[in-house]
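# What would the 3D arrangement of this be:
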Amino acid sequence: MTDHAEQVRQQFDPQASAYLHSAVHAQGPDLDAARRLLQARLPPGARVLDVGCGAGHLSFALAPLAGSVVALDPAPGMLETVAGAAAQRGLHQVRTQAGSATRLPFDDRHFDAVATRYSAHHWPDLPAALQEMRRVLKPGGWLLVIDVMGADEPLVDTHLQAIELLRDASHVRNRDLAQWRALLAAEGFTLAHEARWPLRLQFTTWIERMRTPAAKAEVIRTLQREAPAEVKAALRIEGDGSFTATTGLLLAT
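Modelled structure (predicted):
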C-alpha cells in the first residue's frame with residue numbers, strides 16, 4: 001500500500017458513519033441526474049462499478065437499475081458501512097470490494113458502466129485511473145464522473161485548493177470542467193453530457209466530517225475571512241466560513 005493510500009484509509013475509516021449520514025453525500029441533484037442518465041442507457045442486468053464508493057450513496061442510487069453493483073474503496077471501514085447499509089435497504093445487488101482506482105481488480109471489458117462520486121479529487125494519478133476505467137468498461141459502456149469542480153478563475157482556484165488541502169491531507173486536486181474534458185478525451189472517451197450545481201458547505205460540519213485539527217481549521221477560517229473580494233464573491237463565503245463550491249457531472253462513452 002502506498003503512503004497516500006494509507007493516508008486515505010486512515011483519514012476515512014473512522015469517519016465512515018459520518019459520511020453515511022452526511023446530507024451533502026446522501027442527497028443532491030447529481031444523484032437524481034445519475035439515475036436518470038444511466039436508466040436510459042444501461043442494458044437489463046447491467047454490471048456497474050462504483051470507484052471510490054465512500055459510504056455508498058452512488059451505489060445505492062444505481063442498484064435498482066443494475067443486475068450487480070460493485071462498491072470499491074481502499075478504506076475497509078467504508079466498505080463495512082456500505083455492506084451494512086445495503087443489507088438494511090434490501091439492496092442485494094450491491095457487493096463490496098477493496099481496491100484502488102489505479103489498479104482495478106477486474107477483467108477487461110467487464111462492466112456496462114463505471115461511476116465515481118466525490119472521490120477523484122483524492123486520486124494521485126488520475127490519467128492512470130481513467131485508463132483502468134476504460135480497460136474494465138465494455139465497448140460502448142458508460143463512464144459517469146461526479147466530483148467537486150475546480151474553479152475556472154486561477155485566483156479562486158488557488159484559494160479553493162488551499163482550503164481543501166488544509167482540511168483534508170489526502171486531497172490531491174479538484175479539476176475544472178475544461179480539465180476534465182481534456183482528460184477524458186486523452187483516454188479516448190467521448191463526452192455525452194455534462195452538468196453543474198451549486199454545493200453549499202456549512203463550515204462546522206465540513207470541518208467535523210474530516211476531523212480537521214483545530215489549528216488547521218483556524219487557518220482556514222482566517223483564509224476565508226481575509227480572502228479577496230472576488231474570491232468571496234465566487235465562493236459565496238459567509239461570515240462563519242461556510243461557502244458554496246460546485247458539483248460537476250460528466251457522462252462519457
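# Let me see the ranges of the strands in the stretch 51-200 of the chain.
Listed in chain order, the strands of the stretch 51-200 of the chain (DSSP state E, counting those that start in this stretch) span 68-73, 94-98, 111-117, 137-148, 191-201.
# which secondary structure elements does the second one contact?
Pointing back at strand 94-98 there. Counting by 3 or more CB pairs under 8 Å, 6 or more residues apart in numbering; DSSP states H and E, the packing neighbours recorded for strand 94-98 are strand 68-73, helix 76-88. For every residue, glycine as well, the C-beta is placed using N, CA and C.
# Return the member of the ones you listed having the minimum mean pLDDT.
If you rank the helices and strands packed on strand 94-98 by mean pLDDT, helix 76-88 sits at the bottom with a mean of 93.
# which strands and helices sit next to that one?
On a contact count with 3+ CB pairs under 8 Å, 6+ apart, helix 76-88 meets helix 3-12, helix 16-21, helix 57-62, strand 68-73, strand 94-98.
# what do you get if the cut-off is 7 Å, keeping everything else the same?
Helices and strands touching helix 76-88, as assessed by 3 or more CB pairs under 7 Å, 6 or more residues apart in numbering; DSSP states H and E, comprise helix 16-21, strand 94-98.
# any idea which of the ones you listed scores lowest on pLDDT?
Taking the mean pLDDT of the helices and strands packed on helix 76-88, helix 16-21 comes last: a mean of 60.
# rewinding a little: which one of the strands of the stretch 51-200 of the chain lies nearest to residue 166?
Among the strands of the stretch 51-200 of the chain, strand 191-201 comes nearest to residue 166, with 13.8 Å by CB to CB.
# Show the average pLDDT along the very next helix or strand once past the closest one.
Next in sequence after strand 191-201, counting helices and strands by DSSP states H and E, comes helix 203-210. If you average the pLDDT over helix 203-210, you get 93.
# on that earlier part again, could I get the strands of the stretch 51-200 of the chain as TSV with mean neighbour count and distance to residue 240?
Formatted as TSV, these follow (neighbours: other CB atoms under 10 Å; distance: least, CB to CB, whole Å):
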stretch	mean neighbour count	distance to residue 240
strand 68-73	26	32
strand 94-98	18	37
strand 111-117	25	27
strand 137-148	20	20
strand 191-201	14	11
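# Let me have those in JSON lines, adding distance to residue 227 as columns.
Shown next, in JSON lines, are these (distance: least, CB to CB, whole Å):
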{"stretch": "strand 68-73", "distance to residue 227": "33"}
{"stretch": "strand 94-98", "distance to residue 227": "39"}
{"stretch": "strand 111-117", "distance to residue 227": "28"}
{"stretch": "strand 137-148", "distance to residue 227": "18"}
{"stretch": "strand 191-201", "distance to residue 227": "15"}
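# mind checking which of these is nearest residue 105?
Between the strands of the stretch 51-200 of the chain, strand 94-98 lies closest to residue 105; by CB to CB that is 6.8 Å.
# Any figure for the gap between the residue nearest to residue 35 when sequence neighbours are not counted and residue 177?
Spatial nearest neighbour of residue 35, excluding adjacent residues (CB to CB, 6 or more residues apart in numbering): residue 61 at 5.5 Å. Relative to residue 177, residue 61 is positioned 22 Å away (CB to CB, to the nearest Å).
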